[in-house]
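*Asks:* what's the 3D shape of this:
(one chain, ligands or ions: 2)
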Amino acid sequence: MILEVRAVPPFMKNGFVLGCETTREGVVIDPGDDVDLLLAAVERHALKVGAILLTHAHLDHVTGVARAKQVLSVPVWLHQADNTLYEGVVQQGMMFGFKVDPQPPVDHFYAADQKLRFGAYEIAVHHTPGHCPGGVALAVNGDPRIHGPTGRQILIAGDTLFAGGIGRTDLPGGDAGTLFRSIRQVLFSFPDETPVYPGHGEPTTIGREKRTNPFLR
Ligand SMILES: [Zn+2]
Ligand SMILES: [Zn+2]
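*Replies:* Residues are numbered from 1 along each chain as shown. Ligands and ions are numbered 1, 2, ... in the order given. Below is the predicted model:
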């Protein structure tokens, strides 16, 4: 699998490009101020991007959607519970003292057991509210027909779980109890060796966070 991660100041939010090395199909995840770096990665790998996927609608994760959609002409996906936040992105910017442009409307809301494909890979969308109402984790599996039943599996976790940290719950729509439930019941149901790519900072694994995350012991 092709996996590119980019982050730029001030938010240092991770944006992702995932691609299938065989078919060159791919997806862009959470394009923010890093959008031009993500688009350059798409071009360098000669990917045919099929979708812009959002883990949630905080401004740092969506400020590049308009630019990405303008270049790629593909649908934008979000969990419906975050659409109010998404449509209020200009106001989110004002809250934090940033001038943010409005973004194009979301094209599709994730279904309850939404699966999306790019080439040989499948993405399963898991609702993980708590940091915000419509947060999701994207579990990317190798195609079982190609990679065997265990496949390769990674989690794009948004701002729910970080290496040594957890998502803040003091923003509108955040709830600490809900966040802990999402981490323990959804994320911690993945095997310990599962790599986790958070919305900010370095990758980690489920097992490492189970053992060492000070917020979860
Ligand atoms: Zn966030
Ligand atoms: Zn963030």
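*Asks:* Am I right that residue 111 is in a helix?
*Replies:* No - Residue 111: not assigned to a helix; according to DSSP: H, G, I helix; E, B strand; the rest coil it is coil.
*Asks:* give me phi/psi at it?
*Replies:* For residue 111, the backbone dihedrals (degrees, to the nearest 10) come out as phi -80, psi 170.
*Asks:* same question, the one 10 residues further on
*Replies:* Summarising the backbone geometry of residue 121 under the convention degrees, to the nearest 10, its torsions are phi -110, psi 150.
*Asks:* Would you mind measuring from it to residue 61?
*Replies:* 21 Å (CB to CB, to the nearest Å). Where you see a C-beta, it was placed from the backbone N, CA and C, and this is true even at glycine.
*Asks:* And residue 12, by the same measure?
*Replies:* The spacing between residue 12 and residue 61, counted by CB to CB, is 12 Å.
*Asks:* Same check on residue 211?
*Replies:* 28 Å.
*Asks:* More neighbours: which of those two?
*Replies:* Higher neighbour count among residue 211 and residue 61: residue 61, with 29 against 11, using other CB atoms under 10 Å.
*Asks:* so which helix or strand takes in that one?
*Replies:* helix 59-62 (DSSP states H and E).
*Asks:* Restricting to C-alpha, output the helix or strand just after that helix in CSV.
*Replies:* Reading on from helix 59-62 to the C-terminus, the next helix or strand found by DSSP H and E is helix 65-72. Extracted in CSV, the C-alpha atoms of helix 65-72 (Å, rounded to 0.1, in the frame of the first residue of the first chain):
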residue,chain,number,x,y,z
VAL,A,65,-11.2,20.2,1.0
ALA,A,66,-12.1,23.0,-1.5
ARG,A,67,-8.7,22.9,-3.1
ALA,A,68,-8.6,19.1,-3.2
LYS,A,69,-12.0,18.8,-4.7
GLN,A,70,-11.2,21.5,-7.3
VAL,A,71,-8.2,19.5,-8.5
LEU,A,72,-9.5,16.0,-8.1
